[in-house]
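Peer 1: Coordinates for the following, if possible.
(2 chains)
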Amino acid sequence: MDFDWSVIWQALPELLKGARLTVLIALAGLAGGLVIGAAAGLARAYGNVVLNAIAFVYVELIRGTPIIVQVMFIYFALPILANVRINPLAAAIMAIIINAGAYIAEIVRGSFLSVHRGLREAGLALGLPFWKVLLYIIGPLAFRRMIPALGNQFIVSLKDTSLFIVIGVGELTRQGQEIMAANFRAVEIWSAVAMFYLIMTGALTLILRLTEKRMRIL
Amino acid sequence: MSIVEFKKVTKRFGQVTILDQVDLSIEPGEKVVLIGPSGSGKSTLLRCINALEEINGGDLVVDGISVKAGGRMVRLIRQEAGMVFQQFNLFPQMTALENVAFGPRRVRHEPRQEARKQALEMLAKVGLADRAHHYPSELSGGQQQRVAIARALAVKPKLMLFDEPTSALDPELRHEVLRVMQALAEEGMTMIVVTHEMAFARKVGTRLIFMEGGNIAVDGEPRELLANPQNPRLKEFLQHVA
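Peer 2: Numbering: from 1, shown residues only, chains lettered A, B, ... in the order given. Prediction:
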């Protein structure tokens, strides 16, 4: 067969539109996931019995079910249960938030608990309240240790957005699928889609590398 | 008024009793040296004073505040009782200066410039002004421990707690830490020191306490006790240490 570059050229605007949406879902989802993950992770590490139990159930529920089932639940089941209308984009972002949040919670918990116990005592012994010890002493150290694992999760979540093809969000994979359905050029289109993902994950890797370089892991 | 007062203090870890109804008063200006075999409760006793360990029975009053008062009151106690740890526990992401300025800045709420100024003075005091911008990982153990002492002093405590401050150091690095501690004692600081340094106890201590099995077994004048120990267990302990 011959590889027809003009097919990609023609598909480019649509694919770019899809890539933009992929980035939007991933960014918004990961931003929310970081917030939820930090809260759940800290609750797991330092919370009282109740907070710890809530966070534990959340993490286990999400880690124990496929993300595609989660987004189906949000998009199709939640409107019935809660009598609300959810548009596909919101459902997609919400799915990334709760899914990434659960994994990030474990990353946060692990890295906070990995910081030497003596530093916590040293902070407390100066007369600081515990939350300030977390904020000024343990947090900055834990954050450095989180970067490699967070990078991993960011890349996984970015690629997970391709699953939202099932609820009709016009992200990159969906766009590729639709173009392919019209022109049957599977080789060109899926090569181009793959390249787009590689460029996005590559950029993410680069950003993480630079961040890691600036912050020594201590 | 005593600065530290143990009233029948009991501390347990699970089923094990670490401190067994300990009574002890320490007056301002005293330099108390705590010795005893490992597991005798000396470190635990020290850590109860700034409430790093919670007591299970009795009461413990530090500078007029009970360690059982909780929350903000406990933080006040900790600001008055500086602590130096066996493992230094310097904050690795901060330079020596930042470590020392941290207390004034975050605990005493001094403006940044003022905190730095005070920190530099403290570092000069422990002989490390020229190491201000080094990270802990770039300092020797003895230097790290001196920074840790400066960090504790920078909060302006009324008494200092030392938990085996030289035990993690090579012999040739110990004297630089002990010298700083001696200078501090000469300034009149109230000090409670858990240590195995008998020479320090003799030279600097005004009171020697020998602990055994969660109790204070011997309490007296260091030179006398070390020269002529009456208690057979203390005698045996001193032979092992020397």
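
Peer 1: and after the longest helix anywhere in chain A, which helix or strand comes next?
Peer 2: Counting by DSSP state H, the longest helix found in chain A is helix A:5-46. Tracing the chain C-terminally past helix A:5-46 and defining elements by DSSP states H and E, one meets helix A:49-63 next.

Peer 1: which strands and helices sit next to the longest helix of chain A?
Peer 2: Using 3 or more CB pairs under 8 Å, 6 or more residues apart in numbering or on different chains; DSSP states H and E, the elements in contact with helix A:5-46 are helix A:49-63, helix A:88-114, helix A:139-160, helix A:172-183, helix A:186-214. The C-beta positions use only the backbone N, C-alpha and C, and glycine is treated the same way.

Peer 1: Deepest-packed of those helices, please.
Peer 2: Comparing those by mean neighbour count (mean count of other CB atoms under 10 Å in any protein chain shown), helix A:88-114 ranks first with a mean of 22.

Peer 1: in the longest helix along chain B, what's buried?
Peer 2: Scanning chain B for the longest helix, with DSSP H as the assignment, gives helix B:171-186. By neighbour count with 16 or more other CB atoms under 10 Å in any protein chain shown, helix B:171-186 contains the buried residues B:173, B:174, B:175, B:176, B:177, B:178, B:180, B:181, B:182, B:184, B:185.

Peer 1: Out of those, flag the one nearest to residue B:2.
Peer 2: residue B:185 (18.7 Å; CB to CB).

Peer 1: check contacts around the closest one.
Peer 2: Residue B:185 is in contact with B:31, B:191, B:204, counting by CB atoms under 8 Å, 6 or more residues apart in numbering or on different chains.

Peer 1: Likewise for residue A:201?
Peer 2: By CB under 8 Å, 6+ apart, the neighbours of residue A:201 are A:155, A:158, A:159.

Peer 1: Helix, strand, or coil at residue 162?
Peer 2: With no chain named, the answer covers chain A. Put simply, residue A:162 is helix when judged by DSSP: H, G, I helix; E, B strand; the rest coil.

Peer 1: nope, chain B please
Peer 2: Per three-state DSSP, residue B:162 ends up strand.

Peer 1: Now for it, how many residues are close by?
Peer 2: By other CB atoms under 10 Å in any protein chain shown, 27 other residues sit near residue B:162.

Peer 1: Setting the sequence-adjacent residues aside, check what's closest to residue B:125.
Peer 2: residue B:150 (6.7 Å; CB to CB, 6 or more residues apart in numbering or on different chains).

Peer 1: Just give me the neighbour total for the one you found.
Peer 2: Residue B:150 is flanked by 28 other residues according to other CB under 10 Å.

Peer 1: who are the neighbours of the helix or strand containing it, in terms of helices and strands?
Peer 2: Following DSSP H and E, the helix or strand that holds residue B:150 is helix B:141-153. Judged by 3+ CB pairs under 8 Å, 6+ apart, helix B:141-153 is in contact with strand B:81-84, helix B:96-102, helix B:112-125, strand B:159-163, helix B:171-186.

Peer 1: Which one of these lies nearest to residue A:124?
Peer 2: strand B:81-84 (9.3 Å).

Peer 1: Quickly run through the sheet partners of the closest one, with directions.
Peer 2: If you go by DSSP bridges, strand B:81-84 pairs up with strand B:159-163 (parallel).

Peer 1: what does the partner strand contact?
Peer 2: The contact list for strand B:159-163 (CB under 8 Å, 6+ apart) reads B:3-4, B:26, B:28, B:43, B:46-47, B:49-50, B:63, B:80-86, B:149, B:152-153, B:181, B:184, B:189-195.
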